[in-house]
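Undergrad: model this:
(chains A and B)
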2 protein chains.
Amino acid sequence: MSEPDKSEDIPDEPAGKGIPNGGNAAKSKEDFDLASIYVSDAQYNRNIYFDTSPEAVKLYIRYNHWIPKVILFFFILVDLSLAIFEKPAVFPVPTLYTMLVELLCLLVFTLRLVHYAKVIPRDKFWKDPKNICIIVILVLTVVDLIIYESLEAANCYAVRWSRVLRPLLLVNVTEGRQLRRAFRSIRNALPQIFYVFLLFMFSLLIFSLMALKLLGKRGLKTIDGAPYFTNYLEIVFDLYVLVTTANSPDVMMPAYNASFVFAIFFILYILINTYIFMSVFLAVVYNNYKKYLKEEVRQLVRAKRHKMVRAFAVLQEQRAEGGEPVVSQANWNQIVKLVQPDISNAHRELLWSVSDDNNQGFIGKVAFVQLADLLNIEVITLKSRPHPLQRACPAFYLSAPSRLLCRLVQHRAFVILYDLIILVNAVFIGLDEENPLIANSEWVFLALYLLEILLKLYVFEPRAFFSRHSFWNWFDTVIVISALIATVVNSAMTSSQNYTSRQILDIVFILRVLRLIRVVDSIKRFRAIINTLIRIGPAILTFGQLIIVVYYIFAMVGMELFKGKVRSFEDDSSDPTKAYCGNPLLKGTTFAQLNYCKNNFNNVVSSFILLVELTVVNQWHVLSSGFAAVTHVSAKLFFILFHIMVVIVIINIFVAFVLEAFFVEYSVDKSDLQTSLEKKIEELELAVAQEKLEDNLVNAMETIDSDQGTGQSASNKPALMFKIASKRYRTVDALLQRMFEADLDPEDFAENDGDANGNFTNPAFNSV
Amino acid sequence: MSEPDKSEDIPDEPAGKGIPNGGNAAKSKEDFDLASIYVSDAQYNRNIYFDTSPEAVKLYIRYNHWIPKVILFFFILVDLSLAIFEKPAVFPVPTLYTMLVELLCLLVFTLRLVHYAKVIPRDKFWKDPKNICIIVILVLTVVDLIIYESLEAANCYAVRWSRVLRPLLLVNVTEGRQLRRAFRSIRNALPQIFYVFLLFMFSLLIFSLMALKLLGKRGLKTIDGAPYFTNYLEIVFDLYVLVTTANSPDVMMPAYNASFVFAIFFILYILINTYIFMSVFLAVVYNNYKKYLKEEVRQLVRAKRHKMVRAFAVLQEQRAEGGEPVVSQANWNQIVKLVQPDISNAHRELLWSVSDDNNQGFIGKVAFVQLADLLNIEVITLKSRPHPLQRACPAFYLSAPSRLLCRLVQHRAFVILYDLIILVNAVFIGLDEENPLIANSEWVFLALYLLEILLKLYVFEPRAFFSRHSFWNWFDTVIVISALIATVVNSAMTSSQNYTSRQILDIVFILRVLRLIRVVDSIKRFRAIINTLIRIGPAILTFGQLIIVVYYIFAMVGMELFKGKVRSFEDDSSDPTKAYCGNPLLKGTTFAQLNYCKNNFNNVVSSFILLVELTVVNQWHVLSSGFAAVTHVSAKLFFILFHIMVVIVIINIFVAFVLEAFFVEYSVDKSDLQTSLEKKIEELELAVAQEKLEDNLVNAMETIDSDQGTGQSASNKPALMFKIASKRYRTVDALLQRMFEADLDPEDFAENDGDANGNFTNPAFNSV
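TA: Numbers count the residues shown, from 1 in each chain, chains lettered A, B, ... in the order given. This is a model prediction of the structure:
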């Protein structure tokens, strides 16, 4: 688990491969395949040491195709979802079926691994701990299945222990790079966290000892009448819980009732342990996170450059005797088409003109190396074409009333009017919908929203209105149309069968409320904040995966430890044991009093919800004490371990990430490369006339169209426009690189890549 | 409150004052006074625009003396403490007495203000909002006292509303610079926080609306049997509380019991509002904090340089015709003696040799300007003198057994031995002390600890052992001696009168447990963490003052709103209203059930403890609902406002500060100036042979002494040694400057101060 990930390296052989050709010989299909795979690896920061034989390259291209990847993730999902159907199940299914599905999943994973083994050299394959890890998981799962089935057959008690290993597949597949990085940053922070944690524990033990001596002999009682602070281990637990603030101020009240002087003890404790130590944890985690991430990103950048140099070596030709090797535009086009087939011709030409600044028809190494970054910049191609109605019936569309309408819809007042309508709508939603007036008003609002969309479609070119990046237009239309359908279905059912479906009504309600969110988009400051949040969204998803891996492991262990110990009942159940969750051991506990019966480990869904509650921290001591009551007091260790792992470590890393991402958004504006691309766009007069940056695309388009509608000066504008989606990142890696670009040593970008086989050290990636 | 603080400026007149003297004329006493006040202002970053007439300078020197400052703070403390004796009082005292004391305080504040008015020019005085603020507070307080007294005399209801203004004095006095800066950083962050807060409120309202529509009509009941999620405003409050996690998972349970699908709603809510938005709040606060602090520190540095240039102008003389003006060593010595009389001759000579690198006997402007920073570097002077016993009886002290003893005590095993003794002691403390064996063992431990101190005193030179910076030696000795005294007193009382005083026993217990803390010092990693914490301690105290100002205001308002509404009873009281805190309105509320009666606003102490509980957040909804029950539902606004002010704003600024301070400690090692001082120390061979940095002074001294004790090679060592307490800062400003030193623009240090009356802009400090 901890050795460097040797297989994620770059093969040495092909470094000079293009050179033996002597220069200008036509490149073979294999050359292009090889070069395109280098460029694509550089673009997506893949670090796979693949075999460079033509067959292996073909296999590798297939390995990187999106279809097998989707299939793999689908089967990982299926494998993880099996927990829903396995005992203890949400939907019980005979063991045989789940086992067959699991075997199918294992088969898929094996096939994928075999494919991988064929792509990379054999010795590299066996040196990679990721692969070993997958093989071990597969073997152990099969062993577990066999043991479990035979024990079941013999009617013995059996545990499906290999289920704990399932989420590790997500970490160890080739595509789990982001997740591995997240785990690495945790592992790197652990030693530092450990020392702070020890000191924190020391402080906890000292305070507990003091509490025992000061309060233990006073005969105080808790609110339940139990003796207060008489048992050292219980005090330690109570004070640990106090650090999480979950039992404040209850744990203090008996002492405080005795004398206010004791409150000072608790305030001091909270100040030191909750405020100071918890801030120090965040500081340590954040500091380590920044430090190691910077190092990794630096290595990533170097690896990327290195791969691009390899691709260049394959494609290069000699223009003049003794001159620098170059890549011709034809070859460059070929490569870009291979790497990114969905790119438009115009976009490709734009990229070429950025690379080939002097219009020579070929580019050198320095310009070529930029390609991977250029491809990662999202350039939006806007085709400014006339409205279809204008083409179909220009006399009508360009008539005075029609143009007045266009001007009205594009006016600021139109937006404000609809914001007001939304506000009134919000009030109506809040009122009782059983009043017929209110119920009917819903139709009015629906009609108004539909009218808005139709008006906008009348004014704006439909393809531009529904372009890929017009998030809010899509949002609006989908919500309004869905609400229309749901409302119609609902009222049809109500009038015909006199029956209201609760589910459909719920959907209608949700859609109605979601409609209101649109208001946010018309306030500029809100839009800026939300755009930032959306931008760091993909990276947050990595943390989502991380959380799921940890939750899954804890859920599996928790289900084995606690399943069936706490039972939940329907609200209308008359079971006499309902008051104490079906377990007499819970009689009189806070757990039963607060009716927490549904917080149990009886199936994977309720386990996950329980773990979320534990992550939120509040009342976690009640939950852990409940489960300790039905099993053994040491069960609390499970909950404390979860708290340390998830709340102290992972949540802090999450906060550290959000902080860092926000600072980057606040401080850096654009990377150099983007600026040069933008300069080129302006130079070519292809830029969209727009307020910069903060505006999203919808506004930009409205501006163009309004120019056309009002000034008629659009005739001398090019029919094609580009715009850089300047703050979006195709990949999480690109965001990370941007985060540390300012700090990166300039020498990393210096031209020392000539010795391709030389002192280049690859990122020391470790699998987890 | 918001205008720039014009009076905190530097007078223009004296800039060229020294020059008319033509150069080498002897400086008058007034010149030295003026120069020393500039240097001292620069050293402590004071920004007061004082009059430069000799009388005003003398008054200003008196104004800066520590005695009037201590008197001022003492009376501010007295003024704030009056709340303990005023109605509602902890210790009731006739109103007349508190009023007389308050008038005395007002008199002191007025005198101090008059003193200040005499120091600075009249027009500057009246332009300073701080002074206006103090005058307004003084006048309003007198008015309030008169109104209150007359209403009391007429037996009308009267409110002492001016008490809210008292903590503002702490902010507006000249010495409240750090506090004003903290308030400024909050005010600067407010606009940004406000927009995020609005978006957060929008999200809260939308989620509440959705909750109302989804859950309101299902007829669900809370655990108390009340209808669940039927009132929009209550839902908004419940979901606001959920953001603080205080009512998780209780608020979710009724919906979760109905269907697990609703849990998704709550999980989504917590993810967005608790995790994302709260992280964004921290990011926004942290970002603003860094940005503005950097700007302020930059201005501070410029102001400091400027003042030093003024001082130089006063002291300068012309060495050669046409040469650069310089300051002679004699004048320099004179100034340093005036500014810092407690500095030793040796230390002063060291500083001079750092400034006058070429041994010329005079220094130029550049070297002189460094003086303020040099004085802020804490240099510890170690006099390595022989042990008194060695002098008194060398034959005995240097005998073989004595030297063996010294070697034993200095051995690593001695430390480990005592760590083990402490651990055993910890176990004994944990055991029941009524067992006579355990009780007597205490004497053994006491004897062992005393023996340790005596042995160390035998081995190490006593004055070095008890030097000012040997924190742990002092700590040990004080704790052990106190424990000895308390234990002796306790057992004397027990044996003579057969009576055990609970208070003395408590003290004995506390001292015993505190003794254990010593273990931390012998583990290097812990020492490093603790040293960091101690170093940022003074800055944390500023936040302590900030918290006290805010708490005091909320406590005063809270006492007027809620005093007497909730009554607390002794544990053994048999009052029938005890179960509901003496207020029938609390019957059946969670507040009464949890026995929170003592959490009330009935006096200033319980108010403060209640506010701490609200800061910790947990159960704050129970507390606010309790007070809303006894008054009006709008009372919750008081608690929500407190939450926003303290938890969202101040705690986040606190965390931001701890983060930043920790990063500085991790990354920067020493400032350039300290390094040059250290170089000089090494050059002069005065440095202490030591492991660097991490070691605290005790270790350093142990090393010296062990050299002397064992090797006898100490004879050729100088009798005087210096050591830089490299990571301690005399002032909070110095720490802050260090925090941003790396980021500061080098041009700020460029030599553009020649035009002293020119383009210099003073820090735009605003009073709060």
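Undergrad: give me the below-cutoff pLDDT ranges for chain A.
TA: Within chain A, the set of residues satisfying pLDDT under 70 comprises A:1-26, A:320-321, A:382-384, A:498-500, A:665-675, A:681-768.
Undergrad: next one: A:Tyr38 from B:Lys213, what distance?
TA: 55 Å (C-beta to C-beta, to the nearest Å). Every residue, glycine included, has its C-beta placed from N, CA and C.
Undergrad: if you count surrounding residues, which of the two has more?
TA: Using other C-beta atoms under 10 Å in any protein chain shown as the criterion, A:Tyr38 and B:Lys213 rank with A:Tyr38 on top: 29 against 20.
Undergrad: before we move on, which element is the closest residue in space to that one that isn't next to it in sequence in?
TA: Nearest non-adjacent residue to A:Tyr38, counting by C-beta to C-beta, 6 or more residues apart in numbering or on different chains: A:Ala311, 3.6 Å away. Counting by DSSP states H and E, the element that carries A:Ala311 is helix A:278-315.
Undergrad: wait, doesn't A:Phe627 sit right on A:Lys563?
TA: No: at 11.1 Å, A:Phe627 does not count as touching A:Lys563 under the criterion of C-beta atoms under 8 Å.
Undergrad: quick one, which of those two is more surrounded?
TA: Neighbour count, other C-beta under 10 Å: between A:Phe627 and A:Lys563, A:Phe627 has more, with 24 against 15.
Undergrad: contacts only, for that one.
TA: Neighbouring residues of A:Phe627 by C-beta atoms under 8 Å, 6 or more residues apart in numbering or on different chains: A:Phe562, A:Lys565, A:Val566, A:Phe601, A:Ala635, A:Phe638, A:Phe639.
Undergrad: count of neighbours near A:Val649?
TA: Neighbours of A:Val649 using other C-beta under 10 Å come to 19.
Undergrad: distance-wise, check the nearest residue to it once chain neighbours are set aside relative to A:Asn288.
TA: If the residues on either side of it in the chain are set aside, A:Val649 comes closest to A:Ile186, at 5.9 Å by C-beta to C-beta, 6+ apart. Per C-beta to C-beta, A:Ile186 is found 9 Å from A:Asn288.
Undergrad: one more: A:Leu179?
TA: Distance from A:Leu179 to A:Asn288, by C-beta to C-beta: 18 Å.
Undergrad: same question, A:Ser36
TA: From A:Ser36 to A:Asn288 the distance is 38 Å (C-beta to C-beta).
Undergrad: for burial, what's the neighbour tally of A:Pro394?
TA: A:Pro394 - counted by other C-beta under 10 Å - has 12 other residues nearby.
Undergrad: which phi and psi values does it adopt?
TA: When read as degrees, to the nearest 10, the backbone of A:Pro394 gives phi -60, psi -40.
Undergrad: repeat that for A:Pro325.
TA: Per degrees, to the nearest 10, the backbone of A:Pro325 is at phi -70, psi 150.
Undergrad: hmm, it is touching A:Val309, no?
TA: No: counting by C-beta under 8 Å, A:Pro325 does not reach A:Val309; the two are 11.1 Å apart.
Undergrad: so for the two, which residue has more residues nearby?
TA: A:Val309 (22 against 18).
Undergrad: tell me the contacts of A:Leu170?
TA: Here A:Leu170 is in contact with A:Ile76, A:Leu80, A:Gly176, A:Leu179, A:Gln545, A:Ile548, A:Val549 (C-beta under 8 Å, 6+ apart).
Undergrad: any idea how far the first one lies from A:Phe109?
TA: In this case it means A:Ile76. 8 Å.
Undergrad: chain center to stretch A:539-547, what's the gap?
TA: 5 Å (C-alpha atoms, centre = their mean, to the nearest Å).
Undergrad: which residues sit against that stretch?
TA: A:170, A:176, A:178-179, A:181-183, A:646, A:650, A:653-654, A:657-658, A:661, A:732, A:735-736, B:276.
Undergrad: in it, what's buried?
TA: For stretch A:539-547, the neighbour count (16 or more other C-beta atoms under 10 Å in any protein chain shown) marks A:Ala539, A:Ile540, A:Thr542, A:Phe543, A:Gln545, A:Leu546, A:Ile547 as buried.
Undergrad: out of the residues you listed, which is nearest to A:Val508?
TA: Nearest to A:Val508 among these, counting by C-beta to C-beta, is A:Ile540 at 30.1 Å.
Undergrad: so the closest one: helix, strand or coil?
TA: Three-state assignment for A:Ile540 (DSSP: H, G, I helix; E, B strand; the rest coil): helix.
Undergrad: what are the boundaries of the strands in the stretch 201-350 of chain A?
TA: All strands of the stretch 201-350 of chain A, identified by DSSP state E, counting those that start in this stretch, fall at A:317-318, A:325-328.
Undergrad: partner strands of the last one and their direction?
TA: In its sheet, strand A:325-328 lies beside strand A:317-318 (antiparallel), strand A:362-363 (antiparallel), with partners assigned from DSSP bridges.
Undergrad: surely A:Tyr232 is in contact with A:Leu209?
TA: Yes: the pair A:Tyr232 and A:Leu209 qualifies as a contact (C-beta under 8 Å) at a distance of 7.4 Å.
Undergrad: these two: who's more crowded?
TA: A:Leu209 (20 against 16).
Undergrad: so who does the residue nearest to that one when sequence neighbours are not counted touch?
TA: Spatial nearest neighbour of A:Leu209, excluding adjacent residues (C-beta to C-beta, 6+ apart): B:Val513 at 5.2 Å. For B:Val513, the contact set (C-beta under 8 Å, 6+ apart) comprises A:Ile206, A:Leu209, A:Met210, A:Lys213, B:Ile429.
Undergrad: in helices, which of the residues you listed fall?
TA: Residues of the contacts of B:Val513 located in helices (DSSP state H): A:Ile206, A:Leu209, A:Met210, A:Lys213, B:Ile429.
Undergrad: tabulate those residues (a markdown table), appending distance to A:Met253.
TA: Formatted as a markdown table, the ones in helices among the contacts of B:Val513 follow (distance: C-beta to C-beta, whole Å):
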| residue | distance to A:Met253 |
| --- | --- |
| A:Ile206 | 23 |
| A:Leu209 | 21 |
| A:Met210 | 18 |
| A:Lys213 | 20 |
| B:Ile429 | 26 |
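Undergrad: thinking again about what came up before, out of the contacts of B:Val513, which is nearest to B:Val557?
TA: The nearest one, if we look at these relative to B:Val557 and count by C-beta to C-beta, is A:Met210, at 34.7 Å.
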